[in-house]
Every structure is written in C-alpha cells, then in structure tokens.
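**Q** could you look at this predicted model? Sequence included:
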Amino acid sequence: MDKNTNPFNPGAGVSPPELAGRSEVLETANTALARIKRGKHAKSLMVLGLRGVGKTVLLNQIKDRAVSQGYLAEMQEAHDGAELKQLLIPVLRSRLLFHCLMSS
Ligand SMILES: Nc1ncnc2c1ncn2[C@@H]1O[C@H](COP(=O)(O)OP(=O)(O)OP(=O)(O)O)[C@@H](O)[C@H]1O
Ligand SMILES: [Mg+2]
C-alpha cells in the first residue's frame, strides 16, 4: 500500500474517506434544517455513542450542511467541569461580531 494514498487515516474528528452508515441520521438532520428554514417545527437531534464511534465527525458533517444552507453554525466541545455559559459566551460573541462586521 502506498503510504501517501493509504485511505486509512484515523484520528479524533478526522473525516473518513467514506462516512459509512450515517445516511439515515444525515437525512434526519437535513429534514430538520430544511423545516426550520421554512419556520416549521423540527425535532432536535442528539448524537450519542461510545468513544470513537464518530460523533464529532457526524456533527461536523451536519454543521457543514447547515452552513451550506445559509445557517450560522459553530462547533463547541463541552467537557467536565466547564460551565456551559463559559463555553458558549466567547463563541457567540465572536460569531455576533463577525456577523456585524460582514453586514456593515
Ligand atoms: N461513519 C464512519 N465511517 C467511517 N469512519 C468513521 C465514521 N465515523 C467516524 N469514523 C472515524 O472514526 C474515528 C473517530 O471519529 P470521531 O472522532 O468522530 O469519534 P467520536 O465519537 O467523536 O470520539 P470521542 O468519543 O473520542 O469524542 C475517526 O478516525 C473517523 O474518521
Ligand atoms: Mg468526539
């Protein structure tokens, strides 16, 4: 196997060459994104699973789809001992500032 082209490239949050077995959940996310854009109710989606099953990769994929549909989206990883507001405030602040700058 040529090391330069070997598709086996594991790593935390690293997108695989093929996101296997996730079409159903991606479809659910697409439906929610499309419905919310139309001002309709959509079920929230929570991605749960053991370590390394692909939660981060899946959330990144959903985020990319949201951005490509015109949503403002940010990824923030939570961890033990951190208050949610302390994690969210800097992310929301920078997103708001960026949005204000781009629209001025
Ligand atoms: N659907 C998939 N098909 C093929 N490979 C995948 C898939 N989902 C994830 N992987 C691969 O598995 C590895 C772990 O993925 P990821 O970091 O998203 O897992 P995680 O659930 O977020 O892990 P952790 O619990 O440690 O945060 C990565 O190398 C990723 O490319
Ligand atoms: Mg992860």
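**A** That came through fine. Ligands and ions are numbered 1, 2, ... in the order given.

**Q** nearest residue to the residue of the chain found nearest ligand 1 in space, please, no chain neighbours.
**A** Using Cβ to the nearest ligand atom, residue 54 is the residue of the chain that sits closest to ligand 1, at 2.5 Å. From N, CA and C alone the C-beta is placed, and that goes for glycine too. Leaving out its chain neighbours, the residue that sits closest to residue 54 by Cβ to Cβ, 6 or more residues apart in numbering is residue 22, at 7.3 Å.

**Q** ok, that neighbour - contacts?
**A** Counting by Cβ atoms under 8 Å, 6 or more residues apart in numbering, residue 22 touches 54, 58, 61.

**Q** how about low-confidence regions in this structure?
**A** The chain contains no residues with pLDDT under 70.

**Q** quick check on residue 59: phi, psi?
**A** phi -60, psi -40 (degrees, to the nearest 10).

**Q** surely it and residue 75 touch.
**A** Yes: between residue 59 and residue 75 there is a contact under Cβ atoms under 8 Å: 6.6 Å.

**Q** neighbour count for those two, which is higher?
**A** residue 59 (17 against 11; other Cβ atoms under 10 Å).

**Q** who's in contact with the more buried one?
**A** 47, 75.

**Q** ditto for the one 10 residues further on
**A** When contacts are counted by Cβ under 8 Å, 6+ apart, residue 69 is found next to 33, 34, 37.

**Q** by neighbour count, which of those residues wins?
**A** Most surrounded of the contacts of residue 69: other Cβ under 10 Å gives residue 33, at 19 neighbours.

**Q** which parts of the stretch of helix or strand that one belongs to are buried?
**A** Assigned by DSSP states H and E, residue 33 falls within helix 23-37. By 16 or more other Cβ atoms under 10 Å, the buried positions in helix 23-37 come out as 29, 32, 33.
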